[in-house]
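K.L.:
here is the input, now give the coordinates:
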Amino acid sequence: MSKKILRKKLIYIRRNNFVDQTISYVRFKKILKKYNLKKNINIGGYYPVNSEISCLDVLETLEKNNFKISLPITKKNNNMDFYEWSFQDSLRISQQGIPEPNTKKKVMPDVLIVPLVGFDRYKFRLGYGGGFYDRYISKILKFKKILTVGFAFSFQEISKIPINKFDQKLNFILTDKKIIK
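P.N.:
Got it, this is the predicted structure:
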């Protein structure tokens, strides 16, 4: 099955099975502890749209525990960068309809929470097809190590994601039911 057809199918399934649910902060914290990640690091998240599982509760708890958080701003040619953000700050809506920070303080997250359309047990993800996250992860890895954690509903798992040379494998995938290491 092509990525395009698979993406359509998985988005349809997610929309029809969506429940307003978030990932457990306790499970996310286990990953941070495993890597001995302390406060004052930056966690890049996303603002959920299109029936994505929410990471906002995790980000809010991280901010309350003195972690710095950031959100992406999309740019030309399917690129994006992350910018410092706080729950006290306002957001603006991008041309794609995604809430983005108003701030202009660019950061390179130490941990990146990644939304996805589908995933497999090998920790590959299927996104919306623009390659934003694959490009960003590839770019940031040239400067520093980064921990990547996909957030998903368990029903988004499929047996095998079709991949190409540009697809970036994630370090973990957290679902509403399990951690894939």
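K.L.:
low-confidence ranges, the chain, go.
P.N.:
20-22 (pLDDT under 70).
K.L.:
center of it - which residue?
P.N.:
Val114 (1.4 Å; CA atoms, centre = their mean).
K.L.:
can I take it that that one is in a strand?
P.N.:
Yes. In this structure, Val114 lies within a strand as judged by DSSP: H, G, I helix; E, B strand; the rest coil.
K.L.:
that one bridge partners, please.
P.N.:
According to DSSP bridges, Gly150 are recorded as the beta-bridge partners of Val114.
K.L.:
touching, it and Ile146? I think so.
P.N.:
No. Counting by CB atoms under 8 Å, Val114 sits too far from Ile146 to count as a contact (10.5 Å). All C-beta spots, glycine's among them, are computed from the backbone N, C-alpha and C.
K.L.:
what sits against the residue nearest to the centre of the chain?
P.N.:
Tyr46, Arg125, Tyr133, Thr148, Val149, Gly150, Phe151, Leu170 (CB atoms under 8 Å, 6 or more residues apart in numbering).
K.L.:
swap in 6 Å and give it another go.
P.N.:
With contacts defined as CB atoms under 6 Å, 6 or more residues apart in numbering, Val114 is in contact with Tyr133, Thr148, Gly150.
K.L.:
for Gly45, same thing?
P.N.:
Contact analysis of Gly45 by CB under 6 Å, 6+ apart lists Cys55, Leu59, Ile113.
K.L.:
kindly tell me how buried the last one is, as a neighbour count.
P.N.:
Burial measure for Ile113: 22 neighbouring residues, criterion other CB atoms under 10 Å.
K.L.:
please begin residue numbering at 12 from this point
P.N.:
Understood, numbering begins at 12; the last thing we discussed is Ile124.
K.L.:
gap between it and Leu102?
P.N.:
17 Å (CB to CB, to the nearest Å).
K.L.:
from the contact counts, what lies against whichever strand or helix holds Phe93?
P.N.:
If you go by DSSP states H and E, Phe93 is part of strand 91-96. Secondary-structure packing of strand 91-96 (3 or more CB pairs under 6 Å, 6 or more residues apart in numbering; DSSP states H and E): strand 79-85, strand 117-118.
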